[in-house]
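In: Here is a sequence together with a model predicted from it:
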Amino acid sequence: MKQKLLIFLVLIFLVLLLAGLNAATYVQKEKVADTEFAPNRSTYNSGSTGTQAFYALLSETGRNVTRWQASLETLSSDPKRSPAVFVMIGPLRKDLSDDEQTKLMEWVSAGGTLIVIDREPASDLIATTAEWNLSVAPEVIPELYTVDAANPKQMTADRAALKPSLPSSFARGVNAVQPSRFASSVKLEASVYETKSVSGDFAGPVNTPTATPYDLYSSSSEPTPPPPVATPSESESSSNADKNESEDNLELSEASASFAAPVVHLGAGGRNLLVEAPFSEGRIIILTDPFIVANNGISMVDNSQLAVNLVTSRDGLIAFDEFHHGYGANNNRLFQYFEGTPVVSIFAQCALLIALVFVSQSRRFARPIPEPEPSRLSKLEYVSAMAELQQRTSAYDLAVENIYSDFRRRASSLVGLDNTTATRRELASRIAERTRDDARSVEQLLFECEDVIHGEPVDRRTTISLIGRLRDLEAKLGLKRAARKGL
């Protein structure tokens, strides 16, 4: 027991020593301010490059918003079990796997709305099913490495506020949007050039200019007819004009009815900052300046209104991707809470000590020690040995002497007599008074026991009879033999 206590005290001392050494050698790291070169766009980040203010604005104004902390493979095409709008604000700390990209695009094609807010988004996330190619050209400015992200003047130097390019649900309540000078631009390129066959007296097939996204959504644009080769008659001219007008109106109505090309909602000077692109039944919205929704820029001009309009363009759950910012639901929250403190190393060292104790207890480091033999000096073994000895030697007088001496001592103490001076008759009289037995029979029992003790021959049957009568008197007197330790 003392050895185990010593081991326990040594372990406690080692744990305290390790904790003290870790605390003494720990140097608290100063919190590094957010930078635009390595921003943290998580909604948990309250720094200048974080988006906690945007998330809090949506939550406190009653919007149905949540943080998505699971893999994108869990996205479901069922609108009842998946978000209506999924927001990804980059740069991400964890890249999307191939399975996640496939599942995300399946969700978008089923009618979901994906909002990508990043200066350099992944090319797989800015795709479209229209006959257009989308790419993002980042703005390379050396001041990105030295700019103070918490200083709005440095972030927006030489950049004027932009007005929405066209009236839409995104521009509702938005007069101007203030971007940063590091905003990227979405480049739009048509992948197919249509040819139109002109009938009548006009020349053969003529290439028509590629319509811009704005042209496809505007009903006022009219195609320029090719120059005529010859002057037709008046009747022919009127019929051809009516035919061309009906075909043009049909093309315009089809272009207006279907979401057939990307739409630029915010841009100026050939730079497209906010683009909406169709993707099968869904759509992808690309915003190339996270400053507009970040903590350091959302309060400027109408940036907050534009941010709210983007994510509330559809009814339903709004989900912000936090899984790829390192806040997955399967991460160890305990280690994340104590990250950057010596507590994690203390836990690891304590676990190592406990493992060493278990290993030391399960293995031997010296010669085998024989198992301890049970003690043969117990009182129970002595009693059993004496009983066996008396039975083998037929020493019944010793058995009667042992039992009678114990009975006389306890009975004298019970009736208030001195065992050494009380006579047999006095003891028998007192016992008879308590048991209401005949005093003579009690005295006769005591006499026969003493006679055997003094050498009168006795057999086994007589011994059992005498001892049985003594046990009966013990029961009537209420004498109880106390249990001895070790028996």
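Out: Right, received. Where do you want to start? Numbers count the residues shown, from 1 in each chain.
In: hey, let's count contacts and neighbours off CA atoms from now on
Out: Will do.
In: Could you check stretch 281-288 and say which residues are buried?
Out: By neighbour count on 16 or more other C-alpha atoms under 10 Å, the buried set for stretch 281-288 is 282-288.
In: should've said stretch 101-116
Out: So stretch 101-116, judged by 16+ other C-alpha under 10 Å, has buried residues 101, 103-116.
In: can you list the weak-confidence ranges in the stretch 1-150 of the chain?
Out: 1-4, 23-31, 77-79 (pLDDT under 70).
In: in it, which spans are helices?
Out: 2-25, 52-60, 98-109 (DSSP state H, counting those that start in this stretch).
In: ok, now the stretch 351-487 of the chain?
Out: Under DSSP H, counting those that start in this stretch, the stretch 351-487 of the chain gives helices at 379-393, 396-415, 424-435, 439-453, 460-477.
In: quick one: the strands in the protein?
Out: 65-68, 85-89, 113-117, 132-137, 185-190, 195-196, 206-207, 263-268, 271-279, 282-287, 318-321 (DSSP state E).
In: for the ones you listed, which one sits closest to residue 360?
Out: strand 65-68 (46.2 Å; C-alpha to C-alpha).
In: Check which helices and strands that closest one sits against.
Out: In this structure, strand 65-68 packs against helix 52-60, strand 318-321, with contacts taken as 3 or more C-alpha pairs under 8 Å, 6 or more residues apart in numbering; DSSP states H and E.
In: and these, which is most packed in?
Out: The highest average neighbour count among these, using mean count of other C-alpha atoms under 10 Å, belongs to strand 318-321 at a mean of 23.
In: Adjacent strands (with direction) for it?
Out: strand 65-68 (parallel), strand 85-89 (parallel) (DSSP bridges).
In: circling back to that earlier point, go through the buried residues of stretch 281-288 and say which is closest to residue 428.
Out: Residue 428 lies nearest to residue 282 out of the buried residues of stretch 281-288, by C-alpha to C-alpha, at 112.2 Å.
In: so the closest one touches residue 110, yeah?
Out: Yes - assessed by C-alpha atoms under 8 Å, residue 282 is found in contact with residue 110 at 6.2 Å.
In: As TSV, the buried residues of stretch 281-288 with pLDDT and distance to residue 8 would be great.
Out: Converted to TSV, the buried residues of stretch 281-288 look like this (pLDDT from 0 to 100; distance: C-alpha to C-alpha, whole Å):
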residue	pLDDT	distance to residue 8
282	93	65
283	94	65
284	94	63
285	95	63
286	94	63
287	95	62
288	93	62
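In: Can you lay out the helices of the stretch 1-150 of the chain as TSV showing distance to residue 456?
Out: Formatted as TSV, the helices of the stretch 1-150 of the chain follow (distance: least, C-alpha to C-alpha, whole Å):
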stretch	distance to residue 456
helix 2-25	56
helix 52-60	107
helix 98-109	105
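In: Of these, give the one that comes closest to residue 345.
Out: helix 2-25 (7.8 Å).
In: need the contact list for the residue lying closest to residue 184 once chain neighbours are set aside.
Out: Setting aside the residues directly before and after it, residue 184 is nearest to residue 138 in space (C-alpha to C-alpha, 6 or more residues apart in numbering), at 4.4 Å. Residues in contact with residue 138 (C-alpha atoms under 8 Å, 6 or more residues apart in numbering) are 119-120, 182-185.
In: quick one on the thing from earlier: now the helices and strands packed on strand 65-68 in JSON lines, please, with extra columns for distance to residue 72.
Out: JSON lines is the format used below for the helices and strands packed on strand 65-68 (distance: least, C-alpha to C-alpha, whole Å):
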{"stretch": "helix 52-60", "distance to residue 72": "20"}
{"stretch": "strand 318-321", "distance to residue 72": "9"}
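In: do you know which of the ones you listed lies nearest residue 479?
Out: Per C-alpha to C-alpha, nearest to residue 479 of the helices and strands packed on strand 65-68: helix 52-60, 83.0 Å.
In: Please name whichever of the strands of the chain is nearest to residue 33.
Out: Using C-alpha to C-alpha, these put strand 85-89 closest to residue 33, at 19.2 Å.
In: The closest one versus strand 282-287: what angle between them?
Out: In terms of direction (axes from the mean of the first three to the mean of the last three C-alpha atoms, to 10 degrees), strand 85-89 departs from strand 282-287 by 30 degrees.
In: Would you reformat the strands of the chain as TSV and include distance to residue 353?
Out: Formatted as TSV, the strands of the chain follow (distance: least, C-alpha to C-alpha, whole Å):
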stretch	distance to residue 353
strand 65-68	39
strand 85-89	44
strand 113-117	48
strand 132-137	54
strand 185-190	57
strand 195-196	79
strand 206-207	80
strand 263-268	62
strand 271-279	57
strand 282-287	53
strand 318-321	40
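In: Which one of these lies nearest to residue 392?
Out: Of all the strands of the chain, strand 65-68 comes closest under C-alpha to C-alpha, at 88.2 Å.
In: the domain parsing of this structure - what is it?
Out: 52-193+208-221+252-331, 379-477 (automatic domain parsing).
In: Deepest-packed of these, please.
Out: The most buried one of these (mean count of other C-alpha under 10 Å) is domain 52-193+208-221+252-331, showing a mean of 18.
In: returning to what we had before: out of the helices of the stretch 351-487 of the chain, the one nearest residue 157 is which?
Out: Per C-alpha to C-alpha, nearest to residue 157 of the helices of the stretch 351-487 of the chain: helix 379-393, 99.5 Å.
In: what is the rounded mean pLDDT of the closest one?
Out: Averaging pLDDT along helix 379-393 yields 74.
In: Dump that helix to CSV, keeping only the CA atoms.
Out: Provided in CSV are the C-alpha atoms of helix 379-393 (Å, rounded to 0.1, in the frame of the first residue of the first chain):
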residue,chain,number,x,y,z
LYS,A,379,-7.4,-19.1,13.8
LEU,A,380,-9.9,-21.1,11.7
GLU,A,381,-7.1,-23.5,10.6
TYR,A,382,-6.1,-23.9,14.3
VAL,A,383,-9.6,-24.7,15.3
SER,A,384,-10.1,-27.2,12.5
ALA,A,385,-6.7,-28.8,13.3
MET,A,386,-7.6,-29.2,17.0
ALA,A,387,-11.0,-30.7,16.2
GLU,A,388,-9.4,-33.2,13.8
LEU,A,389,-6.8,-34.1,16.4
GLN,A,390,-9.3,-34.7,19.2
GLN,A,391,-11.5,-36.7,16.8
ARG,A,392,-8.6,-39.0,15.8
THR,A,393,-7.3,-39.5,19.4
